[in-house]
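A.B. asks: one predicted model, sequence on top.
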Amino acid sequence: MRTAVIHKSRSKPPVVPVDAATYWAAIARELAVSVDGPLNIAQLAVDRHAASANADKTAFRFLGEAGARRDISYRELSVLTDRFAHLLGDLGVQKSDCVFVLCGRIPELYVAVLGALKFGAVVSPLFQAFGPEPVRARIAQAPGRVLVTTASAYRRKVAPLRDALPSLQHVLVVDDLGDESTQESAQESLPNTLDWTTAMAAAAETPVTPDTTACDPALLHFTSGTTGTPKGALHGHGAVLTHYATARYALDLRPDDIFWCTADPGWVTGMSYGILAPLVIGATSIIDEADFDAARWAAILADERVNVWYTAPTAIRMLMKAGPALFAGRRFPDLRFIASVGEPLNPEAVWWGVETLGLPIHDNWWQTETGGIMIANTAENDLKPGSMGRPVPGVVAHVVRRVAGQPPERIATPDTVGELALETGWPSMFRGYLGQPERYRECFADGLYLSGDLVRRDADGDYWFVGRGDDVIKSAGHLIGPFEVESVLMEHLAVAEAGVIGKPDPLAGESVKAFVVLKRDVVADETLRRELLAHARRRLGAAVAPKEIAFAECLPHTRSGKIMRRLLKARELGLPEGDSSALE
């Protein structure tokens, strides 16, 4: 029988708690920077190592879709990013101008991000699967002066809208058209663009001395919310202190590690932990240019001798759905730590990690706005499957209840549901919503950042996710978190994924309905439906268990992988799927 806790050997000494200000001051000293003086993310991530004995160490190992490999050392990365910084200056770009990147996981994207940070520009990544309208909306909102993209992406997503983007003065195009590009020059086939290779070759490669401080803007991340206009969250160069400290503590990442973060660089996880944090630590990052493929991922973990793997619940569920044959006979002796983020990790996925990979998967919690990991299950602490973990050093968390016209009420009683709030002041805390100062102010009260996520804290100090405030189901006086119901359904051997919503009910207010995706080769029939309903009632009780279960081929997800419960609800109610106002 599975226990409720996975006990650790505690090979590392426990962290001695200190107050947040003292902790972050110590991290700054460790990186030999001052939060009141010069501070630049790229200098700490690249140039610091290029000037050390680690200069020839591999910073990035790129795995091409067709099997090609390319290693880039810290020394080479320093030179390339110097070139790109000079190129921005040659184009007349000014400090704090916005540089967008719209590429797959190719070397040019990483050079552009780090070179722009070194220059002092604000970097805003775009998810490579965005269509033309999301790209236009974000560049126009910034407004962006420079875009780095590929020839194919430019033709499909940018060229048709170029006239609607007056701020976009320069587009640097990476050639990915193969033989087609040999028929005519990039300038002829893609007018009003610059060829990346030509422009980089003409740029100087003399060292660039960054001129930024912790407070200077560095990163602009647009949230992946399922409704409304995306919010642009601004972060400063000081965020790197959080990236460094949390990669070391929450991900157990060390300088000699091979690290693989599977998040797309168009999202905050792929930027903070797919690019920046492992570089500041001095580790080697695996960058897989291919799309998700279960067999390929299993091979990468083994063949590249990955030590630390940071991925997402959606990817884990897809690996689980692929079946046990995928990992049969495989061993991962180098793999030391696995973590997950993006949405809550179901307990069944934690146990799958133990049984299939030999290691539990450690959930952690943070948001675009927090800029880095805030709450985590760590390598040194016992792990309760389904828990978010505990606040990392330097972060002080509370469970609160909002009271109209008064400061948030802090809840001390264990296992009481309330909103997760963080005491302000950690280095990666966002510094504003682009062009929305009032919306930014609404996120704070009484020295607290109000996350909008409902949680409970148990008697041991572990936090448990209940749901987004607008996802929680209110049924006959009960507050039901969709995640709890989804996790129980996923315990059943037939279930690969579940999404839960509240359905209007004339007596209870709302009743619980579940949408279930089955594992491969499982037949959906009435017998299985009744079996799942009975399983949920046994585990949750009649008041919380779903009253209805519908089988689905797949569930809708945001582009960052979160289940879109609002879209499930809109479909259930027969509402227009793009209309969120009717769901408020």
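C.D. replies: It's in. Numbers count the residues shown, from 1 in each chain.
A.B. asks: which non-adjacent residue is nearest residue 288?
C.D. replies: Closest residue to residue 288 apart from its sequence neighbours, by CB to CB, 6 or more residues apart in numbering: residue 63 at 4.8 Å. For glycine as for every other residue, the C-beta is placed from the backbone atoms N, C-alpha and C.
A.B. asks: the one you found reaches residue 287, doesn't it?
C.D. replies: Yes: the criterion here is CB atoms under 8 Å, and residue 63 meets it with residue 287 at 6.8 Å.
A.B. asks: now the closest residue to residue 446 other than its chain neighbours: phi and psi?
C.D. replies: Nearest non-adjacent residue to residue 446, counting by CB to CB, 6+ apart: residue 407, 3.8 Å away. As for residue 407, its main-chain torsions (degrees, to the nearest 10) stand at phi -60, psi 150.
A.B. asks: ditto for residue 448
C.D. replies: Phi and psi for residue 448, reported as degrees, to the nearest 10, are phi -120, psi 140.
A.B. asks: residues near it, how many?
C.D. replies: 21 (other CB atoms under 10 Å).
A.B. asks: run through the residues that contact it.
C.D. replies: 398, 400, 408, 421-424 (CB atoms under 8 Å, 6 or more residues apart in numbering).
A.B. asks: sort out for me which of those residues are in helices.
C.D. replies: The members of those all map outside helices under DSSP state H.
A.B. asks: most neighbours among these, please name it.
C.D. replies: residue 421 (27 neighbours).
A.B. asks: so it sits against residue 396, correct?
C.D. replies: No: counting by CB under 8 Å, residue 396 is not a contact partner of residue 421; they are 9.5 Å apart.
A.B. asks: before we move on, the earlier item: around the residue nearest to residue 288, count how many other residues there are.
C.D. replies: Residue 63 has 20 nearby residues by other CB under 10 Å.
A.B. asks: cool, residue 96 as well?
C.D. replies: 12.
A.B. asks: swap in the one 3 residues further on?
C.D. replies: Applying other CB under 10 Å, we find 27 residues neighbouring residue 99.
A.B. asks: show me how the record splits this protein into domains.
C.D. replies: 20-457, 473-583 (automatic domain parsing).
A.B. asks: let me see the mean pLDDT of the longest one.
C.D. replies: I take that to be domain 20-457. Taken as a whole, domain 20-457 has an average pLDDT of 93.
A.B. asks: any idea which element residue 513 lies in?
C.D. replies: For residue 513, the host element (DSSP states H and E) is strand 509-518.
A.B. asks: CA-only coordinates of that strand in CSV, if you can.
C.D. replies: What follows is strand 509-518 as a C-alpha-only set of coordinates in CSV (Å, rounded to 0.1, in the frame of the first residue of the first chain):
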residue,chain,number,x,y,z
GLY,A,509,-26.0,25.7,-6.9
GLU,A,510,-23.4,23.7,-8.8
SER,A,511,-22.7,20.0,-9.3
VAL,A,512,-19.4,18.4,-10.2
LYS,A,513,-18.9,17.1,-13.7
ALA,A,514,-15.7,15.4,-14.9
PHE,A,515,-14.3,15.0,-18.4
VAL,A,516,-12.1,12.0,-18.6
VAL,A,517,-9.4,11.0,-21.2
LEU,A,518,-8.7,7.3,-21.1
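A.B. asks: give me the residues contacting it.
C.D. replies: 321, 473-476, 480, 485-486, 489, 494-505, 524, 528, 532, 536, 544-555, 568, 572.
A.B. asks: recalculate using a threshold of 6 Å.
C.D. replies: Residues outside strand 509-518 that contact it (CB atoms under 6 Å, 6 or more residues apart in numbering) are 473-475, 489, 494-503, 505, 524, 546-552, 568.
A.B. asks: top helix in this protein by residue count?
C.D. replies: Max-length helix for the chain by DSSP H is helix 74-90.
A.B. asks: residues contacting that one, please?
C.D. replies: Counting by CB under 6 Å, 6+ apart, 46-47, 49-50, 54-57, 59, 111-112, 114-115, 118-119, 199-200, 203-205, 207-208 sit against helix 74-90.
A.B. asks: buried ones among those residues?
C.D. replies: 46-47, 49-50, 54, 57, 59, 111-112, 114-115, 118-119, 199-200, 203, 208 (16 or more other CB atoms under 10 Å).
A.B. asks: quick one: the strands in the stretch 1-150 of the chain?
C.D. replies: Applying DSSP state E, counting those that start in this stretch to the stretch 1-150 of the chain gives strands spanning 58-63, 69-73, 98-102, 122-125, 144-150.
A.B. asks: closest one to residue 39 among these?
C.D. replies: Across the strands of the stretch 1-150 of the chain, the minimum distance to residue 39, taken as CB to CB, is reached by strand 122-125, at 15.3 Å.
A.B. asks: which strands or helices does the closest one pack on?
C.D. replies: strand 98-102, helix 107-119, strand 217-222 (3 or more CB pairs under 6 Å, 6 or more residues apart in numbering; DSSP states H and E).
A.B. asks: distance to residue 4 added to those, as TSV?
C.D. replies: TSV is the format used below for these (distance: least, CB to CB, whole Å):
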stretch	distance to residue 4
strand 98-102	44
helix 107-119	42
strand 217-222	36
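A.B. asks: quick check on residue 498: phi, psi?
C.D. replies: phi -140, psi 140.
A.B. asks: identify the residues contacting it.
C.D. replies: So residue 498 contacts 486, 489-490, 514, 516 (CB under 6 Å, 6+ apart).
A.B. asks: tell me the one of those nearest residue 429?
C.D. replies: residue 486 (30.0 Å).
A.B. asks: quick one, what contacts the closest one?
C.D. replies: 498, 500.
A.B. asks: so which of the domains of the chain is the most surrounded?
C.D. replies: domain 20-457 (a mean of 19; mean count of other CB atoms under 10 Å).
A.B. asks: end-to-end on that domain?
C.D. replies: Using CA to CA, to the nearest Å, one end of domain 20-457 lies 20 Å from the other.
A.B. asks: what do you get for stretch 123-132?
C.D. replies: First-to-last residue span, stretch 123-132, CA to CA: 19 Å.
A.B. asks: now do stretch 359-367
C.D. replies: 25 Å.
A.B. asks: with stretch 347-367 instead?
C.D. replies: 21 Å.
A.B. asks: quick one: it to chain centroid distance?
C.D. replies: Taking CA atoms, centre = their mean, to the nearest Å, the mean C-alpha location of stretch 347-367 is offset from the chain mean by 17 Å.
A.B. asks: now do stretch 90-101
C.D. replies: Distance, centroid of stretch 90-101 to centroid of chain: 25 Å (CA atoms, centre = their mean).
A.B. asks: phi, psi for residue 339 please.
C.D. replies: phi -130, psi 160.
A.B. asks: now it: how far from residue 368?
C.D. replies: 18 Å (CB to CB, to the nearest Å).
A.B. asks: same thing with residue 39?
C.D. replies: For residue 39 relative to residue 368 (CB to CB), the value is 22 Å.
A.B. asks: quick one on the thing from earlier: looking at the strands of the stretch 1-150 of the chain, which is nearest to residue 176?
C.D. replies: strand 144-150 (4.4 Å).
A.B. asks: the closest one pairs with which strands?
C.D. replies: Strand 144-150 sits in its sheet next to strand 98-102 (parallel), strand 170-174 (parallel), going by DSSP bridges.
A.B. asks: fine, thanks again, bye for now.
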